[in-house]
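*Asks:* No sequence on hand, only this structure:
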């Protein structure tokens, strides 16, 4: 952002203004353009910042994705291994981002880090992908997930109950889509009232969803103590915990080596395992994603140089511990493999859970139909809070892009009363609502899995770049384990990207094309900025 004492960009030399802005990256966010412009209000403390980290991470994934992961792996040990690898990567990423966040406590977060370290075009490509699908697509998908679980209580809310339908596909407005849109509009309006109200909503719902996860864990412990979960214990633990099960057949489908080579070569076997874990981690990584959203709100956090790194470490650490504990609970209550057509919950197992609702099955084993409804209610709370956190945070990136002349000018204006980027919030809401109608947002999210990992890698590469380019910059916090831990993250993420490129091209190349589509858009904004500066 241009500091308040600076003259407006159109009255100054662009290169000088740009240089001044770049060198001033360590200062707190101060508002827009001129002295009289509204400024962000620092209304979030450590608890609120941590709530954004945790609330953005916990959506519906942890309650669902273990089913699909189990179907591929067929091994309790490998399921836990996949979540442990995800936990390690996420915590290392958060600790690395902590240094960048403390250096540059400005609205826009990751966009700013990429801009400062690798150049404006990389920041724009991240912001472009964030707006077109990462943030808005996730918000739309989680909003529809909210509606689907609301259907447990109100059967009329369904993705197949159409109000307006186009053709034979999924394009149109269903009752579930209408509910999702209403949730998006309500929470967007709440966040236009100011950061304190938005943060208060996030605090309440994050606390509730953490309690819900603790409730699942408590039920698992209770069942374990009372030995009502003998089927899960017998099937998944003891000598069965280390079984290599179904992963072998999934790996053979990848056509790396023949079964004979794998059987004779331990190196090939471990390579197979590493590849299959990388593939199933798509689920666990995205269940743990969006922890970086708190960096977008840096301009509104009290003492951000301390609270940002601390909230990243605390938030990711607590959530991932809860996630791993939940997976142990699932394994202790239900056998991993089961038959999806079997009428008994225990016989269906984790892999065969109806509509992949593993947590619901666990609660139903414990409390019958009432348990299923309790779990559905908990997921409603979880998804509602997740949507709120992502709406709150995402708009700050588009605000920061506008300040650089790389997004619509109106999104770079703060409301005089609420000090919130109201235009950015409503623009984000409008696009997310359109994705709810398109029927394609789920596919788009699959396509950007690869792109999201690439931007994480690029941002951590930027940490190394800034250490070299700006060695004397003030760093209130330095990344723990630098340079070893950040380098390990890069290697692990690049490995996953490579595996996805090779074995899941349908989910990677479209994502790359979406990112690359931002390049001509960037040049259009650049030309527009240059033209505006000459008028």
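*Replies:* Everything's here; your move. The shown structure was predicted, so the numbers you read here are calculated from the model rather than taken from an experiment. Numbering: from 1, shown residues only.

*Asks:* quick one: low-confidence ranges for the stretch 351-500 of the chain?
*Replies:* Flagging of the stretch 351-500 of the chain using pLDDT under 70 yields the residue ranges 439-443.

*Asks:* Enumerate the positions of the host helix or strand of residue 382 that are buried.
*Replies:* Here residue 382, judged by DSSP states H and E, is contained in helix 369-403. Within helix 369-403, the residues that count as buried by 16 or more other Cβ atoms under 10 Å are 371-403. All C-beta spots, glycine's among them, are computed from the backbone N, C-alpha and C.

*Asks:* what's the answer for stretch 358-371, then?
*Replies:* Those would be 358-366, 371, for stretch 358-371 by 16+ other Cβ under 10 Å.

*Asks:* Stretch 120-128 now?
*Replies:* In stretch 120-128, counting by 16+ other Cβ under 10 Å, buried: 120-128.

*Asks:* check contacts around residue 290.
*Replies:* For residue 290, the contact set (Cβ atoms under 8 Å, 6 or more residues apart in numbering) comprises 56-57, 59, 138, 386, 389-390.

*Asks:* Out of these, which is nearest to residue 349?
*Replies:* Nearest to residue 349 among the contacts of residue 290, counting by Cβ to Cβ, is residue 59 at 23.6 Å.

*Asks:* Let me know the secondary structure of that closest one.
*Replies:* coil (DSSP: H, G, I helix; E, B strand; the rest coil).

*Asks:* how close does the closest residue to it other than its chain neighbours sit to residue 319?
*Replies:* Nearest residue to residue 59, sequence neighbours excluded (Cβ to Cβ, 6 or more residues apart in numbering): residue 386, at 4.0 Å. Distance from residue 386 to residue 319, counting by Cβ to Cβ, to the nearest Å: 12 Å.

*Asks:* Now do the shared contacts for those two.
*Replies:* Both residue 386 and residue 319 are in contact with residue 58, where contact means Cβ under 8 Å, 6+ apart.

*Asks:* about what we covered before: and the helix holding residue 382, how far out from the chain's middle?
*Replies:* 11 Å (Cα atoms, centre = their mean, to the nearest Å).

*Asks:* The helix or strand just after it - contacts with which helices or strands?
*Replies:* Using DSSP H and E, the helix or strand that follows helix 369-403 towards the C-terminus is helix 422-438. For helix 422-438, the packing partners by 3 or more Cβ pairs under 8 Å, 6 or more residues apart in numbering; DSSP states H and E come out as helix 135-150, helix 175-192, helix 369-403.

*Asks:* Just want the angle from helix 422-438 to helix 135-150.
*Replies:* Helix 422-438 runs at 60 degrees relative to helix 135-150, counting by axes from the mean of the first three to the mean of the last three Cα atoms, to 10 degrees.

*Asks:* What residues sit buried inside helix 422-438?
*Replies:* 422-429, 431-433, 435-438.

*Asks:* for stretch 112-121, same thing?
*Replies:* Buried, per 16+ other Cβ under 10 Å, within stretch 112-121: 112-118, 120-121.

*Asks:* ditto for stretch 218-236
*Replies:* By neighbour count on 16+ other Cβ under 10 Å, the buried set for stretch 218-236 is 219-220, 223-224, 229, 231-233, 235-236.

*Asks:* what does stretch 134-141 rub up against?
*Replies:* Contact with stretch 134-141 is made by 180, 184, 290, 387, 390-391, 393-394, 397, 428, 431-433, 435-436, 441-442, 444-445, 448, 451-452, as judged by Cβ under 8 Å, 6+ apart.

*Asks:* next one: it to chain centre, how far?
*Replies:* That offset, for stretch 134-141, works out to 9 Å (Cα atoms, centre = their mean).

*Asks:* So that it lines up with my notes, have the first residue be 11 from now on.
*Replies:* Okay, residue one is now 11; in that scheme the one you just asked about reads as stretch 144-151.

*Asks:* And the average pLDDT for it is what?
*Replies:* In this model, stretch 144-151 has a mean pLDDT of 91.

*Asks:* And stretch 214-233, by the same measure?
*Replies:* Looking at stretch 214-233 alone, the average pLDDT works out to 88.

*Asks:* Give the buried residues for that stretch.
*Replies:* For stretch 214-233, a neighbour-count test (16+ other Cβ under 10 Å) marks 215-220, 222-223, 226-227, 229-230, 233 as buried.

*Asks:* Next: stretch 311-330.
*Replies:* With burial defined by 16+ other Cβ under 10 Å, the residues of stretch 311-330 counted as buried are 311, 314-315, 317-330.

*Asks:* any idea how far residue 225 is from residue 241?
*Replies:* 22 Å.

*Asks:* no no, residue 408
*Replies:* On the measure of Cβ to Cβ, residue 408 and residue 241 end up 50 Å apart.

*Asks:* Then residue 386?
*Replies:* Distance, residue 386 to residue 241, by Cβ to Cβ: 23 Å.

*Asks:* try residue 372
*Replies:* The gap separating residue 372 from residue 241 is 12 Å, by Cβ to Cβ.

*Asks:* again with residue 297
*Replies:* Residue 297 sits at a distance of 25 Å from residue 241 (criterion: Cβ to Cβ).

*Asks:* Check residue 525 too.
*Replies:* 46 Å.

*Asks:* And the strands in this structure?
*Replies:* 172-175, 182-184 (DSSP state E).

*Asks:* Most tightly packed of those?
*Replies:* Highest mean neighbour count of the strands of the chain: strand 182-184, a mean of 18 (counted as mean count of other Cβ atoms under 10 Å).

*Asks:* related to what we said a few turns ago, could the buried residues of stretch 122-131 go into CSV alongside pLDDT and distance to residue 158?
*Replies:* Output for the buried residues of stretch 122-131, formatted as CSV (pLDDT from 0 to 100; distance: Cβ to Cβ, whole Å):
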residue, pLDDT, distance to residue 158
122, 96, 36
123, 97, 35
124, 97, 34
125, 96, 38
126, 96, 40
127, 96, 40
128, 97, 39
130, 95, 40
131, 96, 38
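
*Asks:* Could you dump these into JSON lines and include distance to residue 362?
*Replies:* Listed next are the buried residues of stretch 122-131 as JSON lines, based on distance: Cβ to Cβ, whole Å:
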{"residue": "122", "distance to residue 362": "46"}
{"residue": "123", "distance to residue 362": "43"}
{"residue": "124", "distance to residue 362": "42"}
{"residue": "125", "distance to residue 362": "47"}
{"residue": "126", "distance to residue 362": "49"}
{"residue": "127", "distance to residue 362": "46"}
{"residue": "128", "distance to residue 362": "46"}
{"residue": "130", "distance to residue 362": "50"}
{"residue": "131", "distance to residue 362": "47"}
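
*Asks:* Brilliant, that's me finished.
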